[in-house]
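S.K.: Attaching a predicted model along with its sequence, questions to come.
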Amino acid sequence: MAILKQFGILFVLGIAGIAMATITSAPLVEQRLAKLSPEMLEKVPPLWTLMLLQALQLTVLLAISIPIGIGCAYRVGLRSHLIDYWVFHTPKIPYSVIEIEWSLGVGAAAAIVLLLLDRLIQPVLPEALRAANNTEPSGLNLLTAMFYGGITEEILMRWGLMSLLVWIAWKALKQGVTLPSQGIYQGAIVMSALVFGLLHLPATAAIVSLTPVVIIRALLLNGIVGIAFGWLFWQYSLEAAMLAHISFHAFSFALRLLLARFV
């Protein structure tokens with residue numbers, strides 16, 4: 001019963017992000033379909049089928065990641081406050097002020113660092129990617145980034161993948177009697193951040209060809225935030241990583257909005 005409760009809590013959170021991502025990406029997919037020749041278009045399923053398949057694929061990944069995290073996270077000292085409170089019935093959600101401050105601070109710092117790095121890299125990027133980066137962000141895209149990026153991706157990348165990597169290394173190095181060493185956590189943080197960056201390449205490939213510079217940019221920018229969110233998961237909780245990821249998108253939105261209007 002406890003496992004079902006854990007799964008239900010995280011699945012409901014994750015599916016909300018998938019729904020938002022599906023809704024937001026529909027116009028983009030429609031634009032790509034409009035560029036296809038009539039002959040190619042005949043071979044492509046209808047838009048609603050494509051969106052359903054996308055949502056189904058993400059839902060399957062979510063449904064796999066959650067039980068992996070359930071089986072691994074608490075065994076290696078990683079945690080979720082929501083699960084502590086709703087499943088294990090701790091007296092209150094142990095979300096400290098320091099944890100909130102770190103989460104918001106990391107989110108804000110990451111937004112500033114990535115914006116500066118992106119500006120430095122921009123001169124060597126393809127024109128199409130520069131144009132996409134310089135467009136004024138929309139409120140719907142922000143909500144999608146906050147729900148899907150801030151919640152769903154953290155369940156997939158930190159709760160599922162990072163917990164699994166820590167557990168595998170912990171078992172492989174026969175540290176099962178005590179908690180994993182710092183090196184194991186740090187290695188898992190970097191590895192999951194690298195995967196996080198790689199998974200962003202398909203979205204970039206939809207805009208431009210994947211040249212070495214484009215690939216390095218995606219791995220660098222996403223890797224930096226992935227490491228930051230992984231560190232928060234290790235030091236505090238899954239919710240700390242989620243809050244940092246959400247605040248990162250909120251701060252990035254505000255900064256890009258200011259740049260688009262006043263620079």
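M.R.: On my side now, so go ahead. Numbers count the residues shown, from 1 in each chain.
S.K.: On the pLDDT front, check residue 72 for me.
M.R.: Per-residue pLDDT puts residue 72 at 97.
S.K.: now it: how far from residue 186?
M.R.: 17 Å (C-beta to C-beta, to the nearest Å). No exception for glycine: its C-beta is placed from N, CA and C like everyone else's.
S.K.: who's more crowded, the two?
M.R.: Higher neighbour count among residue 72 and residue 186: residue 72, with 22 against 16, using other C-beta atoms under 10 Å.
S.K.: Contact partners for that one?
M.R.: Each residue near residue 72 by C-beta atoms under 8 Å, 6 or more residues apart in numbering is listed here: 78, 163-164, 166-167.
S.K.: ok, of these, which one's closest to residue 246?
M.R.: Distance to residue 246 across the contacts of residue 72 (C-beta to C-beta) is lowest for residue 78, with 19.2 Å.
S.K.: is it true that that closest one touches residue 164?
M.R.: No. Using C-beta atoms under 8 Å, residue 78 is not in contact with residue 164; the gap is 10.6 Å.
S.K.: ok, these two, which is more surrounded?
M.R.: For residue 78 versus residue 164, neighbours defined as other C-beta under 10 Å are more numerous around residue 78 (24 against 19).
S.K.: Tell me the spacing between the closest residue in space to the more buried one that isn't next to it in sequence and residue 241.
M.R.: Closest residue in space to residue 78, ignoring its immediate chain neighbours: residue 163 at 5.5 Å, by C-beta to C-beta, 6 or more residues apart in numbering. For residue 163, the distance to residue 241 equals 12 Å [C-beta to C-beta].
S.K.: So which of these two has more stuff around it?
M.R.: Comparing residue 163 with residue 241 by other C-beta under 10 Å, the one with more neighbours is residue 241, at 31 against 27.
S.K.: Identify the spatial nearest neighbour of residue 24, chain neighbours not counted.
M.R.: residue 144 (4.2 Å).
S.K.: Give me the neighbour count for the one you found.
M.R.: Residues within reach of residue 144, counting by other C-beta under 10 Å, total 21.
S.K.: That one sits in which helix or strand?
M.R.: Using DSSP states H and E, residue 144 sits within helix 139-144.
S.K.: In this protein, where's the longest helix?
M.R.: Counting by DSSP state H, the longest helix found in the chain is helix 2-34.
S.K.: so what does it touch, helix or strand wise?
M.R.: Here helix 2-34 touches helix 47-72, helix 81-86, helix 139-144, going by 3 or more C-beta pairs under 8 Å, 6 or more residues apart in numbering; DSSP states H and E.
S.K.: from the contacts of residue 72, which two are the most distant?
M.R.: Spanning the widest gap among the contacts of residue 72 are 78 and 164, at 10.6 Å by C-beta to C-beta.
S.K.: and the residue nearest to residue 78, what does it touch?
M.R.: 68-69, 72-73, 76, 78.
S.K.: if you set the cut-off to 6 Å instead, what comes out?
M.R.: With C-beta atoms under 6 Å, 6 or more residues apart in numbering as the criterion, the residues that contact residue 163 are 69, 72-73, 78.
S.K.: distance of it from residue 179?
M.R.: Counting by C-beta to C-beta, the gap from residue 163 to residue 179 is 13 Å.
S.K.: got it, and residue 186?
M.R.: Residue 186 is 14 Å from residue 179, by C-beta to C-beta.
S.K.: which element follows the longest helix of the chain toward the C-terminus?
M.R.: Past helix 2-34, the next helix or strand by DSSP H and E is helix 38-43.
S.K.: Alpha carbons of that following helix, in PDB - could you do that?
M.R.: Output of helix 38-43 as PDB, limited to C-alpha atoms (Å, rounded to 0.1, in the frame of the first residue of the first chain):
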ATOM      1  CA  PRO A  38       2.200  16.500 -49.700                       C
ATOM      2  CA  GLU A  39       3.800  13.100 -50.500                       C
ATOM      3  CA  MET A  40       5.600  12.900 -47.100                       C
ATOM      4  CA  LEU A  41       2.600  14.400 -45.300                       C
ATOM      5  CA  GLU A  42       0.500  11.400 -46.500                       C
ATOM      6  CA  LYS A  43       2.800   9.000 -44.700                       C
END
